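In: A structural model of the following input is requested.
(chains A and B)
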Amino acid sequence: MVAAAIAATVALPLVVVFASWRHPAVEVWSHLWRTQLLELLVNTLLLAGGVGAGTLALGAGLAWLVVAYEFPGRRLFEWALILPLAMPAYVIGFAFLALFDFAGPLQTALRRVGGAGVTLPELRSGGGVVAMMTLVFYPYVYVLARVAFREHGRAALEVARSLGHSPRRAFVTVILPLARPSLVAGTALAMMEALADFGTVSIFGYRTLTEAVYRVWTGMFDRVAATQVASVLVLLVFAVLALEGALRGRRRFTLGGRATPLPRVVLTGARAAWAAAACGAVLLLAFVLPVVELVVWARQAPAGQLAVRGFGGLVASTFLLAAASALLVATLALVLAYARRLRPSRTAGIAVQFSSMGYALPGAVIAVGVLGPVAWVDHALAALTHGVLGSPLGLVLTGSAAAVLFAYVVRFLAVGYQATEAALGRIPPSLDEAARSLGVTMRGALRRVHLPLMRGGILSALVLIWVETIKELPATLLLRPFGLKTLAIEVWERTSESLWAEAALPALAIVGVGLVPLLLGSRIDGGRH
Amino acid sequence: MTRRYHAAQPPAVDGVTLSVSRGEILALLGPSGSGKTTLLRLIAGFEAPDSGTVAIADRVVADARVTVPPEQRGVGIVFQGYALFPHLSVERNVAFGLHGLEPGGRRARVGELLELVGLPALAHRYPHELSGGQQQLVALARALAPAPAVLLLDEPFSNLDADLRGEMRQDVETILRAIGTTVVFVTHAQDEAFAIADRVGVLNHGRLEQLDRPETVYHRPATRFVAEFVGSAIFVPGVVAAAGLVTPVGTFAVDGAGPIGTEVDVMIRPDDVTFAPSARGEAVVVHREFRGTETVYALELDGGRRLYSSQPSWAAAGIGDRVSITVRLEHVVTFAAGAADGARDGR
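Out: As a prediction, this is how the structure comes out:
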């Protein structure tokens, strides 16, 4: 029951998005069709495809390098190559824009060396956006591929070699296919992130559907049309998910037996240098360079424009909003996970599926989907108060933090659910039964057995949601109450005006926050025992 | 106490009726999938019977109308993997089920139980710091702490190393007898059931095939299944004649197998068969399996029939040796010839 209620609430925005087609916004569509619909579609597909290919190649390649070979710095790289995950795409995007800017250090240096005619390839292009996103989204593939390679790499390699395949051939014929589900899952994640991205494409002036949702809404003030554009985007997301399901296939890819780590091939000489250089280059471009640049910019920031007090307030409001979001989402996730454990039914399973779908939806889509129900409740409230009190209450929810929080629940419930469910799943059911046979109700068992054992999982859920909320841009931007600013919005607003230096400090703060779960990572998850 | 279940579809427990007396130790013995664990979970309240009644100490805890939740049944359980709470110390694990006692009383009860299982020194340890045997004793103490009306044990010794098992079996039985609790335990190992239980219930496909004292179950199996599962019996055909029961491996005294001319199958166990080397013997050793204290030989009679014989392991015979066979039956057990499994006409 509870699970179904949560699922219904979370699914509501999606229903709203598709229900918007009851009243097709003919004018806007014909305008879009004449002007840019085709461009939007092509751009969006190119972006998703490019990021998919790029992250797959980069992520799988780097993963194989650090799993199968030994070279100087391998241990450091193996860990450090996940760091770009802390970098929102819009942050690396503006860092590179600033770097490549006409007045930026690179161009200036080039002109000094090569004369006035020398230019760099235009970064504000499809290729540029794909490159930026590939640099920060490849860790999705990298992390999953590394686990997959480690898991059945050795067994697969030995079987293949006993059947006469060279190691190189075995990689193609056996190891890649075995890792396929992981590679596909990671690539799909990266593609969905690319589809959901609003900040980067907006500051790069690259027109995609996500960006169009925002533009139609804020530029034309046409919510219905924006919602309909969003529905097209949702179809693309579903296509990616369907593709993932089809490519992953039904087979379970496991060789059985105990996973033994691959014996690393020790690289020497030039090959070792190449391997280290490849890892180093990626890490440099995707993390070190942007961070260094942000630090440099931040130090140059005009002191008066970003007064310390103003910045402190910004950080405080961002952290508070994120904390509220984390508490709310984690609580709902816990309720959902526990409901499913108590009564494992088909309904509960479907409810979980529905609730997890939000993570696949771009923030801009959720924003337009959330606004409908919130406005409806507001009008109902107004009518009610009008009837009872004689005077209608203003629109209390619309444009309040409640709408933003609702959007966060939809978007991040899956994150919280996965973490809590994983922690709950590690507790064997016999512990529940032991508690009950000792005279404790299920509610008592939650308090005395499950919660203490799940502490690590719940903590990591809280941290993850908190961080994701801080990085979130489009939903916050579209739904925020008047006057509310977060770090992400500050970065976006400043970069939209090319005020690089002023965007640097809030951007650094976001990156710092993003590093928290990566640095705590295994320590939180491991928990006690 | 009467407990009656009848699960409808597909019956994991199929029309089983049994009762356990106060202070009795009952073993439920059967292969995996025989429904013994389901039966245990029905008693505990983790499953509800489709039909039938569960009563504990004259109180109906499950029937068509009432289902008392597990926490209100007063049933103690020792789980197969012990299910100790990993975040609680030994002491707090044992105290977990003690409700409505003031702290002093609780501490006293915990101390009492740790004393009973012989682990008072380990009160402050955590489960992962204990050996398998110690974990089991803590699980036992925890289940016994609230003084349950019935104690249920699910494959209590299966997680222990073989060398520890016998020792633990004795310790656990001593504890259970000392406090005189009523016990139902589930096992697939007949030696465990025989060693501890007052009575053994043999389950197969959810049905109770036989419920009796261990000696009776072994020597007078009620069905072919029981005969085969308990003590790996085989059957040879026989005919009731004036001289007794005539079989290919000898003639045996018989009473009650039927009128003269009745065809029956006679149960023969490996420990009923002995043999001696003999150049003119009627059988050949075709296989031997060394088991430590005994060796089991497969002997093929000239007609192609096989018998099994367990011998002390110091007695050696080689494969291919020709031997003469002697079958001695202390208890002659017969079943109707060719009858399917489960035909109840033992004796």
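
In: how close does the residue of the stretch 51-200 of chain B at minimum distance from chain A sit to residue B:143?
Out: Using Cβ to the nearest Cβ, the closest approach of the stretch 51-200 of chain B to chain A is made by residue B:97 at 2.9 Å. Any C-beta I mention is one placed from the backbone N, CA and C, and that applies to glycine too. As judged by Cβ to Cβ, to the nearest Å, residue B:97 and residue B:143 stand 8 Å apart.

In: Of those two, which one has the most company?
Out: residue B:143 (25 against 22; other Cβ atoms under 10 Å in any protein chain shown).

In: Report the secondary structure element holding residue A:50.
Out: helix A:37-68 (DSSP states H and E).

In: hang on, the earlier thing: overlap in contacts, residue B:97 and residue B:143.
Out: A:437, A:438, B:76 (Cβ atoms under 8 Å, 6 or more residues apart in numbering or on different chains).

In: can you put the residues you listed in CSV and add distance to residue A:245, secondary structure and neighbour count?
Out: Below are these laid out as CSV (distance: Cβ to Cβ, whole Å; DSSP: H, G, I helix; E, B strand; the rest coil; neighbours: other Cβ atoms under 10 Å in any protein chain shown):
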residue, distance to residue A:245, secondary structure, neighbour count
A:437, 41, helix, 28
A:438, 43, coil, 28
B:76, 47, strand, 27
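
In: could I get those as TSV with distance to residue B:65 and pLDDT?
Out: TSV is the format used below for those (distance: Cβ to Cβ, whole Å; pLDDT from 0 to 100):
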residue	distance to residue B:65	pLDDT
A:437	23	89
A:438	26	90
B:76	26	90
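
In: Regarding chain B, what is its longest helix?
Out: Longest helix in chain B, counting residues (DSSP state H): helix B:162-179.

In: Up against chain A, what does chain B have?
Out: Within reach of chain A by Cβ under 8 Å from any Cβ of the partner chain, chain B has these residues: B:44-46, B:69-77, B:79-81, B:83-87, B:96-97, B:99, B:126, B:128, B:142-143, B:145-146.

In: Can you give me the neighbour number for residue 276?
Out: All of this is about chain A. Neighbours of residue A:276 using other Cβ under 10 Å come to 18.

In: Chain B is the one I meant
Out: So residue B:276, with other Cβ under 10 Å, has 11 neighbours.

In: Restricting to C-alpha, output stretch B:278-298 in PDB.
Out: The C-alpha coordinates for stretch B:278-298 follow below in PDB (Å, rounded to 0.1, in the frame of the first residue of the first chain):
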ATOM      1  CA  SER B 278      35.700 -69.300  -0.900                       C
ATOM      2  CA  ALA B 279      36.800 -70.600  -4.300                       C
ATOM      3  CA  ARG B 280      33.400 -72.200  -4.700                       C
ATOM      4  CA  GLY B 281      31.500 -69.200  -3.400                       C
ATOM      5  CA  GLU B 282      28.400 -67.900  -5.100                       C
ATOM      6  CA  ALA B 283      29.400 -64.200  -5.400                       C
ATOM      7  CA  VAL B 284      32.300 -62.000  -6.600                       C
ATOM      8  CA  VAL B 285      33.500 -58.700  -5.000                       C
ATOM      9  CA  VAL B 286      32.800 -56.100  -7.600                       C
ATOM     10  CA  HIS B 287      33.400 -52.800  -5.700                       C
ATOM     11  CA  ARG B 288      34.600 -51.600  -2.300                       C
ATOM     12  CA  GLU B 289      34.200 -48.400  -0.600                       C
ATOM     13  CA  PHE B 290      36.500 -47.600   2.300                       C
ATOM     14  CA  ARG B 291      34.700 -45.500   4.900                       C
ATOM     15  CA  GLY B 292      37.200 -45.400   7.800                       C
ATOM     16  CA  THR B 293      35.600 -47.500  10.500                       C
ATOM     17  CA  GLU B 294      34.000 -49.800   8.000                       C
ATOM     18  CA  THR B 295      34.300 -50.900   4.400                       C
ATOM     19  CA  VAL B 296      31.200 -51.500   2.200                       C
ATOM     20  CA  TYR B 297      31.500 -54.200  -0.400                       C
ATOM     21  CA  ALA B 298      29.300 -54.700  -3.400                       C
END
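
In: follow-up on the earlier one: distance from the helix holding residue A:50 to the middle of the chain?
Out: For helix A:37-68, the separation from the chain centroid amounts to 15 Å (computed by Cα atoms, centre = their mean, to the nearest Å).

In: Please pull up the helix or strand immediately following it.
Out: From helix A:37-68, the next helix or strand downstream (DSSP H and E) is strand A:69-70.

In: Report the rounded mean pLDDT for that following strand.
Out: Mean per-residue pLDDT for strand A:69-70: 90.

In: helices or strands up against that strand?
Out: strand A:265-266 (3 or more Cβ pairs under 8 Å, 6 or more residues apart in numbering or on different chains; DSSP states H and E).

In: Mind giving me the packing neighbours of the following helix or strand past the strand it packs on?
Out: Next helix or strand after strand A:265-266 toward the C-terminus (DSSP H and E): helix A:269-283. Counting contacts by 3+ Cβ pairs under 8 Å, 6+ apart, helix A:269-283 is packed against helix A:37-68, helix A:74-80.

In: Of all the residues in helix A:269-283, which ones are buried?
Out: A:272, A:275, A:276, A:278, A:279, A:280, A:282, A:283 (16 or more other Cβ atoms under 10 Å in any protein chain shown).

In: before we move on, the earlier item: which among the helices and strands packed on helix A:269-283 is found nearest to chain B?
Out: helix A:74-80 (28.1 Å).

In: That closest one: how far from the chain's middle?
Out: For helix A:74-80, the distance to the chain centre is 23 Å (Cα atoms, centre = their mean).

In: tilt between whichever helix or strand comes after it and helix A:37-68?
Out: Following helix A:74-80 in sequence order, the next helix or strand is helix A:89-100 (DSSP H and E). On the basis of axes from the mean of the first three to the mean of the last three Cα atoms, to 10 degrees, helix A:89-100 is oriented at 90 degrees to helix A:37-68.

In: So for helix A:89-100, mean pLDDT?
Out: 88.

In: Distance from the chain centre to it, please.
Out: 18 Å.

In: go on, stretch A:224-237?
Out: 19 Å.

In: then it to PDB, C-alphas only?
Out: What follows is stretch A:224-237, C-alpha atoms only, in PDB (Å, rounded to 0.1, in the frame of the first residue of the first chain):
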ATOM      1  CA  VAL A 224       2.100  22.800 -22.300                       C
ATOM      2  CA  ALA A 225       4.400  23.000 -25.300                       C
ATOM      3  CA  ALA A 226       7.500  22.600 -23.000                       C
ATOM      4  CA  THR A 227       5.900  19.500 -21.500                       C
ATOM      5  CA  GLN A 228       5.300  18.100 -25.000                       C
ATOM      6  CA  VAL A 229       8.900  18.700 -26.000                       C
ATOM      7  CA  ALA A 230       9.800  16.900 -22.800                       C
ATOM      8  CA  SER A 231       7.800  13.900 -23.800                       C
ATOM      9  CA  VAL A 232       9.800  13.600 -27.000                       C
ATOM     10  CA  LEU A 233      12.900  13.600 -24.800                       C
ATOM     11  CA  VAL A 234      11.400  10.900 -22.600                       C
ATOM     12  CA  LEU A 235      10.800   8.700 -25.600                       C
ATOM     13  CA  LEU A 236      14.500   9.000 -26.400                       C
ATOM     14  CA  VAL A 237      15.400   8.000 -22.900                       C
END
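
In: is it true that residue A:357 touches residue A:15?
Out: No. The pair residue A:357 / residue A:15 is not scored as a contact, 11.3 Å apart, by Cβ atoms under 8 Å.

In: Identify the residue nearest the residue of chain A found nearest chain B in space, chain neighbours excluded?
Out: Nearest to chain B in chain A, going by Cβ to the nearest Cβ, is residue A:438, at a distance of 2.9 Å. Once flanking residues are discounted, residue A:438 sits nearest to residue B:97: 2.9 Å by Cβ to Cβ, 6 or more residues apart in numbering or on different chains.
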